[in-house]
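*Asks:* show me how the following folds:
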Amino acid sequence: MHVYRREKYLAHIRSFYHDEGLIKVITGVRRCGKSCLMLSIADELRESGVPDENIVFIDLDARGNRKVKDPDALEDLIDRSTPPDAQGTKYLFIDEIQNVDGFERLINGYRTDGSWSIFITGSNSYLLSGELATHLTGRYLEFEVFTLDFAEYLGMKRHLGKEVSQNLSQEFTEYLRLGGFPKAVEYDSETDKRAYVQGVVAEIFEKDVQRSNKIKNVSVFNAVRDYLINNFGATTSLKNLLEHFNEVEKVPIKRETLNRYIQILVDAKIVYRCQRFDMKSRKSLTRDEKYYLSDLGFYFAMNTDARINYGPVLENVAYQYLRSMRYMVSVGRIGSLECDFVARRAFGDYFYIQVAMTIADRATEDREYRPFEKIRDSYPRYLFTLDPLLQRRDGVRHLNLMEFIADGGDLIGTG
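*Replies:* So this is what the prediction gives:
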């Protein structure tokens, strides 16, 4: 059976399938579906007439390739995997390439040789720092992949032949509590799903955090990790975090160490840093940031409390979805008021967004609309809730977040 095809990512990559001059770098948190995306690309190439011998697929996490740790061993593996009778453009796919130290020069060598269209994946941001950026500036394109959004979650269930409830809210609640790691959808029981997600979380911390970073004080790092995961969506600053650890939790930590530990979590794509954006000056502000999870599974896998705090959870879902739709997302500030998100595309318009579970209560409605009233430009304003009945007020587009994502909605073109 073919893998589930994630069209919104394939649509962005297709134009570059046959480009020999650009290395296609697919990034994302471990187990988000990068390997399956590459398999989908290979399937589409075959369907377009590319012969099997021209497609070379190497998984460096596979048991037989675990000893491939240096460029010479990787080069030997590529050469052994390439049929001698392959003619024309060859398509090279390498999964989890960060397992090979110093792979950058070798991959660039295949690119400059010509007749190779190259796709590589990696589970963390180290892939795009240091050597790769130095040697390949302007010669690669990054395609960031996220775990399943709600529409993809439903699509994957159907692809696997699993029953999808007619009650969309029931499906959405399950999605919120278990997150969007693709393989978790294969399991039927909640216990099995949760066990799988806990295993993924443990694997990420082992392979992408501890193995890649020399963390001297693991207990302090774990305290920082647990705090950010448990307080996703909350306004934080380095100053407040330092005070919390040193004075409240009595965990001694220096500013530079705290900064480094946070960056490790960001580089492993466990959390995303969402900076504050001043809507008057149009400038990003480095203080009072928010952190969102790459997948809600991180929170529920590490906590026994299964209750959903809908405020930050819905914000996280909206943030992740907007990022997956290639929007740059910031926390908006106008005076003393906060707008949950300012979304924009490169060289494009701004979109102002508020997210709440409900505005059934008039006081809540007024609070959510208040930041919009301070905005003086005419860029679109959106209020996302889970309300079945939608409000019409002050030109704001009130939409049901669950239905919006289930329909694959986009801010552009939404009336």
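
*Asks:* please count neighbours and contacts with C-alpha atoms only from this point.
*Replies:* Will do.

*Asks:* which SS state does V29 fall under?
*Replies:* The three-state assignment at V29 reads coil, by DSSP: H, G, I helix; E, B strand; the rest coil.

*Asks:* contacting residues for it?
*Replies:* Shown in contact with V29 (CA atoms under 8 Å, 6 or more residues apart in numbering): 123-124, 145-147, 268-270, 294.

*Asks:* do that again at 6 Å, thanks
*Replies:* Counting by CA atoms under 6 Å, 6 or more residues apart in numbering, V29 touches 123, 269.

*Asks:* can you read off the pLDDT for it?
*Replies:* Predicted confidence (pLDDT) for V29: 92.

*Asks:* repeat for the one 5 residues further on
*Replies:* K34 is assigned 95 on the pLDDT scale.

*Asks:* what about it, distance to I41?
*Replies:* Distance of K34 to I41, given as CA to CA, to the nearest Å: 11 Å.

*Asks:* could you do G180 as well?
*Replies:* G180 is 21 Å from I41, by CA to CA.

*Asks:* the more surrounded of the two?
*Replies:* Shown here are G180 and I41; by other CA atoms under 10 Å, G180 has more neighbours (24 against 19).

*Asks:* isn't the more buried one up against L148?
*Replies:* Yes - using CA atoms under 6 Å, G180 makes contact with L148 at a distance of 4.5 Å.

*Asks:* and the closest residue in space to P388 that isn't next to it in sequence, what are its bridge partners?
*Replies:* Spatial nearest neighbour of P388, excluding adjacent residues (CA to CA, 6 or more residues apart in numbering): N400 at 7.0 Å. Under the criterion DSSP bridges, N400 forms beta bridges with T385.

*Asks:* mind listing what's buried along the helix or strand I118 falls within?
*Replies:* Following DSSP states H and E, one finds I118 within strand 116-122. Residues 116-122 are the ones in strand 116-122 that count as buried (16 or more other CA atoms under 10 Å).

*Asks:* what about the helices in the stretch 151-300 of the chain?
*Replies:* Using DSSP state H, counting those that start in this stretch, the helices of the stretch 151-300 of the chain run over residues 168-178, 190-204, 218-230, 238-243, 255-267, 297-301.

*Asks:* looking at the ones you listed, which is closest to S378?
*Replies:* For the helices of the stretch 151-300 of the chain, proximity to S378 was assessed by CA to CA; helix 168-178 is nearest, at 32.6 Å.

*Asks:* that closest one vs helix 190-204, what angle?
*Replies:* In terms of direction (axes from the mean of the first three to the mean of the last three CA atoms, to 10 degrees), helix 168-178 departs from helix 190-204 by 40 degrees.

*Asks:* which residues touch helix 168-178?
*Replies:* The contact list for helix 168-178 (CA under 6 Å, 6+ apart) reads G297.

*Asks:* and for stretch 10-21?
*Replies:* With contact meaning CA under 6 Å, 6+ apart, stretch 10-21 is reached by 116-117.

*Asks:* how far off centre is that stretch?
*Replies:* Computed by CA atoms, centre = their mean, to the nearest Å, the chain-centroid distance of stretch 10-21 equals 20 Å.

*Asks:* what about it, average pLDDT?
*Replies:* For stretch 10-21, mean pLDDT rounds to 97.

*Asks:* please renumber so the chain begins at 507
*Replies:* Right, with 507 as the first residue, what we last looked at is stretch 516-527.

*Asks:* measure that stretch end to end?
*Replies:* Criterion CA to CA; first-to-last residue distance in stretch 516-527 is 19 Å.

*Asks:* stretch 882-898 too?
*Replies:* Start-to-end, stretch 882-898 (CA to CA) is 19 Å.

*Asks:* swap in stretch 511-529?
*Replies:* Its start and end residues considered, stretch 511-529 measures 21 Å (CA to CA).

*Asks:* got the buried residues for that stretch?
*Replies:* For stretch 511-529, by 16+ other CA under 10 Å, it's 511-512, 515-516, 519, 523-529.

*Asks:* ok, the residue nearest to P894 touching L889?
*Replies:* No - if you go by CA under 6 Å, N906 and L889 don't touch, sitting 8.5 Å apart.

*Asks:* between those two, which one's more packed in?
*Replies:* L889 (23 against 19).

*Asks:* the more buried one falls within a helix, correct?
*Replies:* No - L889 sits outside any helix when classified using three-state DSSP, being strand.

*Asks:* ok, it to A517 distance?
*Replies:* According to CA to CA, L889 stands 28 Å off from A517.

*Asks:* what's the answer for D601, then?
*Replies:* Applying CA to CA to D601 and A517 gives a distance of 20 Å.

*Asks:* quick one: F599 is in a helix?
*Replies:* No - under three-state DSSP, F599 falls outside any helix and is assigned strand.

*Asks:* which ones are touching it?
*Replies:* F599 sits in contact with 563, 625-626, where contact means CA under 6 Å, 6+ apart.

*Asks:* so it bridges to which residues?
*Replies:* Taking DSSP bridges as the rule, F599 bridges to F563, F625.

*Asks:* domains in the protein, by residue range?
*Replies:* With domains defined by automatic domain parsing, the chain comprises 513-650, 657-912.
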